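Colleague: Give me the fold of what follows.
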Amino acid sequence: MEIKVLSSKEYEEKEKNYGDCIIIHHNANVIVYDCGSEEHAIRVKDFLKGKNINNVYVILSHNDEDHFKGIQWLRENVEIKGIYTILLLKYVDEIYEEINDKRRTREALREQILKLYDNVAKLSGENLKDIYEETINIDGVDIVGPNKDYMITAVAHQLDGRESDQIDSETIFNAISVQVKLNINGKTVLLTGDASYPSIEDKIDKYDSVQLPHHGKKKQAEEIFDKLSEKNSKITYIVSDNTGNSNGGSDDLDTKGKIVYNTKNYGDIDVDKVIENKRSAGTYGREK
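Modeller: As a prediction, the model looks like this:
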């Protein structure tokens with residue numbers, strides 16, 4: 001299995017937020033986990049051409065543009081065999097019961113979901129797969145979160161006009177990011193998108209490599225480092241920070257005693273290679 005985290009380090013517009021894009025290649029299958037810009041999407045197509053593959057599966061972690069925008073270009077230029085994400089309209093009844101506000105109707109709630117989760121709504125007509133109902137049938141690739149109950153509670157919190165649009169110090173969009181487990185020769189990698197710490201807390205100690213959520217946001221990273229304090233020198237942390245001047249968060253990370261690779265200064269990260277060849281603790285990896 002190959003896992004390539006794309007970097008915008010060599011892209012022309014240094015200040016632009018290109019977002020995340022992770023390419024997973026296993027046997028004859030390519031999975032794209034998020035695609036935040038056309039620039040990333042073009043590189044996905046080039047990767048496919050190099051492997052003589054003409055189609056992809058897509059896993060969309062959440063609704064935000066910097067994880068979604070390149071998927072539009074992929075739709076027009078490559079064959080997408082399926083897009084896996086959370087399809088909230090399937091859970092209107094459960095969300096409605098969680099909100100417990102009889103002044104509202106289920107139809108009004110449906111319209112609110114379509115408006116707020118506009119990027120997911122734009123995918124209507126595609127081969128959409130809800131992560132709680134359909135499994136991506138590729139060996140070594142498993143969707144492992146978020147927990148459905150956590151998702152329902154978080155989204156109800158967002159849609160309830162009496163509540164704020166944040167939970168666990170994250171926006172709801174971010175907090176319920178789809179999480180993916182990858183198996184590489186007996187070692188495991190957790191992809192987290194922009195997930196909140198509580199949504200991954202119960203599983204992070206089971207992995208050899210963890211993507212630090214939300215482009216290496218300090219708060220989540222510190223909570224993860226604290227949780228894994230006895231294992232920090234053995235775990236490979238991955239940061240996808242292609243956020244330009246939008247304060248992605250990774251600049252403030254304290255990486256002492258930890259193995260951290262960051263697209264911001266390392267360039268593309270071949271995760272399958274770096275977890276087999278760990279560098280000294282405290283490094284962001286070699287400069288390119």
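Colleague: so what's N55 bridging to?
Modeller: Bridge pairing for N55 (DSSP bridges) gives the partners E79.
Colleague: Then N183?
Modeller: T188.
Colleague: Spit out the contact partners of it.
Modeller: M1, G140, V141, D142 (Cβ atoms under 8 Å, 6 or more residues apart in numbering). To be clear about C-beta, it is placed using only N, CA and C from the backbone, and glycine gets the same treatment.
Colleague: Thought I184 was touching the third one, still the case?
Modeller: No - taking contact to mean Cβ atoms under 8 Å, the distance of 10.6 Å between V141 and I184 leaves them out of contact.
Colleague: Quickly list what's touching both of those two.
Modeller: Both V141 and I184 lack any common contact, where contact means Cβ under 8 Å, 6+ apart.
Colleague: Do you have the strands of the stretch 151-288 of the chain handy? List them.
Modeller: 166-167, 170-171, 179-184, 187-191, 209-211, 236-239, 259-262, 269-270 (DSSP state E, counting those that start in this stretch).
Colleague: The lowest-mean-pLDDT helix or strand in the chain: partners in the sheet, and parallel or antiparallel?
Modeller: Using mean pLDDT, DSSP states H and E, the weakest-scoring helix or strand in the chain turns out to be strand 166-167, at a mean of 88. Sheet pairing for strand 166-167, assigned by DSSP bridges, gives strand 170-171 (antiparallel).
Colleague: From the chain's centroid, how far away is the strand it pairs with?
Modeller: A distance of 14 Å separates the centroid of the chain from that of strand 170-171, by Cα atoms, centre = their mean, to the nearest Å.
Colleague: List of residues touching that strand?
Modeller: Taking Cβ under 8 Å, 6+ apart as the rule, strand 170-171 contacts D165, D194, A195, S196, H214, Q220.
Colleague: give me the number of residues near the fifth one?
Modeller: So the one you mean is H214. A count of nearby residues for H214, using other Cβ atoms under 10 Å, gives 29.
Colleague: who touches the residue nearest to it when sequence neighbours are not counted in this structure?
Modeller: Of all residues beyond its chain neighbours, the one nearest H214 is D194 (4.2 Å), with distances taken as Cβ to Cβ, 6 or more residues apart in numbering. For D194, the contact set (Cβ under 8 Å, 6+ apart) comprises 61-62, 64, 67, 170, 173-175, 177, 213-215, 217.
Colleague: Then Y33?
Modeller: D20, C21, I22, I23, I24, V58, I59, S61, V180, L191, G193 are the contacts of Y33 under Cβ under 8 Å, 6+ apart.
Colleague: so the fifth one sits in a strand?
Modeller: Yes - the assignment for I24 is a strand, going by DSSP: H, G, I helix; E, B strand; the rest coil.
Colleague: hmm, back to that, just so I know, which of the strands of the stretch 151-288 of the chain lies nearest I224?
Modeller: Closest to I224 of these is strand 209-211 (Cβ to Cβ; 6.6 Å).
Colleague: how far out from the middle of the chain is that closest one?
Modeller: Relative to the chain's own centre, strand 209-211 is displaced by 11 Å; criterion: Cα atoms, centre = their mean.
Colleague: elements contacting it?
Modeller: Applying 3 or more Cβ pairs under 8 Å, 6 or more residues apart in numbering; DSSP states H and E, one finds that strand 209-211 contacts strand 187-191, strand 236-239.
Colleague: got TSV for those strands, with mean neighbour count too?
Modeller: What follows is those, written out as TSV (neighbours: other Cβ atoms under 10 Å):
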stretch	mean neighbour count
strand 187-191	22
strand 236-239	25
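Colleague: I'd like to know which of the ones you listed is closest to L116.
Modeller: For those, proximity to L116 was assessed by Cβ to Cβ; strand 187-191 is nearest, at 23.9 Å.
Colleague: Export that closest one to CSV, keeping only CA atoms.
Modeller: The C-alpha coordinates for strand 187-191 follow below in CSV (Å, rounded to 0.1, in the frame of the first residue of the first chain):
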residue,chain,number,x,y,z
LYS,A,187,1.3,-1.3,10.9
THR,A,188,-1.7,1.0,11.2
VAL,A,189,-2.4,4.6,10.2
LEU,A,190,-5.3,6.8,11.4
LEU,A,191,-6.5,9.6,9.1
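Colleague: so how far is that strand off the chain centroid?
Modeller: 13 Å.
Colleague: which residues touch that strand?
Modeller: Strand 187-191 is contacted by residues 3, 22, 33, 61, 144, 179-182, 200, 203-204, 206-211, 238, 271, 275-276 when judged by Cβ under 8 Å, 6+ apart.
Colleague: Only whichever of the residues you listed are buried, select them in ChimeraX.
Modeller: Those of those that count as buried under 16 or more other Cβ atoms under 10 Å are selected in ChimeraX with:
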select :3,22,33,61,144,179,180,181,182,200,203,204,207,208,209,210,211,238,271,275
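Colleague: Cool, thanks, talk later.
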